[in-house]
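Asks: Build the 3D model from these lines:
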Amino acid sequence: MMKKASYLAVFSLVVVFLATAEVSMAVTCTPTELSSCVGAITSASPPSKLCCSKIKEQKPCLCQYLKNPNLKKFINTPNARKVASTCGTPFPKC
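Replies: Numbering: from 1, shown residues only. All right, here's what the predicted structure looks like:
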């Protein structure tokens, strides 16, 4: 339980300090938009509808997030891939 809380705290802090960037198609890449997915990624619980909608919305940004060393360790995990798959969003090949 403590480990999960630590991951959540670290993820939250990393997300707060990241800058926002613009991508084509008027998508604003904001990692905090994926905060509804933290529980599903860290505990392997099923993703919520909100999580799935945010993953689909942020899909154009996932490669950018994977290039960020602070985010990559959370996004490039088996659980994150499973959440994306469950939500019907193929994991990007960057």
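Asks: use CA for all of it now, contacts and neighbours both
Replies: Noted.
Asks: residues of the stretch of helix or strand K54 belongs to that come out buried?
Replies: With elements delineated by DSSP states H and E, K54 resides in helix 49-58, which encompasses its position. Using 16 or more other Cα atoms under 10 Å as the burial criterion, the residues of helix 49-58 that qualify are C51, C52, S53, K54, I55, K56, E57, Q58.
Asks: Equivalent analysis for stretch 61-68, please.
Replies: Applying a neighbour-count criterion of 16+ other Cα under 10 Å, one finds C61, L62, Y65, L66 buried in stretch 61-68.
Asks: same check, this time on stretch 71-87
Replies: Within stretch 71-87, the residues that qualify as buried by neighbour count (16+ other Cα under 10 Å) are L71, F74, I75, N79, A80, R81, K82, V83, A84, C87.
Asks: rewinding a little: now tabulate the buried residues of helix 49-58 in CSV and tack on pLDDT and distance to F91.
Replies: Shown next, in CSV, are these (pLDDT from 0 to 100; distance: Cα to Cα, whole Å):
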residue, pLDDT, distance to F91
C51, 97, 15
C52, 97, 13
S53, 97, 15
K54, 96, 14
I55, 95, 10
K56, 95, 11
E57, 95, 13
Q58, 95, 12
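Asks: just these now: which is nearest C94?
Replies: When these are ranked by distance to C94 (Cα to Cα), Q58 comes first, at 14.7 Å.
Asks: How about that closest one: what's its closest non-neighbour residue?
Replies: When the adjacent residues along the chain are set aside, Q58 lies closest to C29, with 6.5 Å between them (Cα to Cα, 6 or more residues apart in numbering).
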